[in-house]
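Trainee: with the input below, show me the fold.
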Amino acid sequence: MNKKLPSLVGAGVGLALFLAIALLPAMLYGGYAGVLLAGGIFGTPVAPTLLPRILIVFGMVMGVVGVGSLFAVAGAVAGAAVGALTALAGRKPVAQEQASR
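Mentor: The predicted structure is shown next:
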């Protein structure tokens, strides 16, 4: 569990950054993709009926899930990198370990 902790912290920080920075743009662009999809399937202008609305909400959800997972994975990678660097910096050289014995 000790090796996973920096990755989990990094993923948490990535998701917090996602909520602070990218949630609204992800919903906006996902909704736009949903409108384009609904317009391609049902024709333009898109009528405000149930199926086009479902496609628009589906696009918004896919945008949020996609960008959120991108932020989580990038945060986990950054956390793992920081954890590996701090583990390397905390080690003593082999010569010092043998001399102290």
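
Trainee: residues contacting the residue nearest to residue 6 when sequence neighbours are not counted?
Mentor: Closest residue in space to residue 6, ignoring its immediate chain neighbours: residue 83 at 2.7 Å, by CB to CB, 6 or more residues apart in numbering. Bear in mind the C-beta positions are built from the backbone N, C-alpha and C, glycine included. Contact analysis of residue 83 by CB atoms under 8 Å, 6 or more residues apart in numbering lists 3, 5, 6, 7, 10.

Trainee: ok, the residue nearest the centre of the chain - contacts?
Mentor: Residue closest to the mean C-alpha point of the chain, counted by CA atoms, centre = their mean, is residue 71 at 2.3 Å. Residue 71 makes contacts with 14, 15, 17, 18, 22, as judged by CB under 8 Å, 6+ apart.

Trainee: which of the residues you listed are buried?
Mentor: 14, 15, 18, 22 (16 or more other CB atoms under 10 Å).

Trainee: including distance to residue 87, could the residues you listed go into a markdown table?
Mentor: Below are the buried ones among the contacts of residue 71 laid out as a markdown table (distance: CB to CB, whole Å):
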| residue | distance to residue 87 |
| --- | --- |
| 14 | 20 |
| 15 | 24 |
| 18 | 27 |
| 22 | 30 |
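
Trainee: among the residues you listed, which one sits closest to residue 38?
Mentor: Of all the buried ones among the contacts of residue 71, residue 22 has the smallest distance to residue 38: 23.5 Å, by CB to CB.

Trainee: quick check, the closest one in contact with residue 67.
Mentor: Yes: between residue 22 and residue 67 there is a contact under CB atoms under 8 Å: 5.4 Å.
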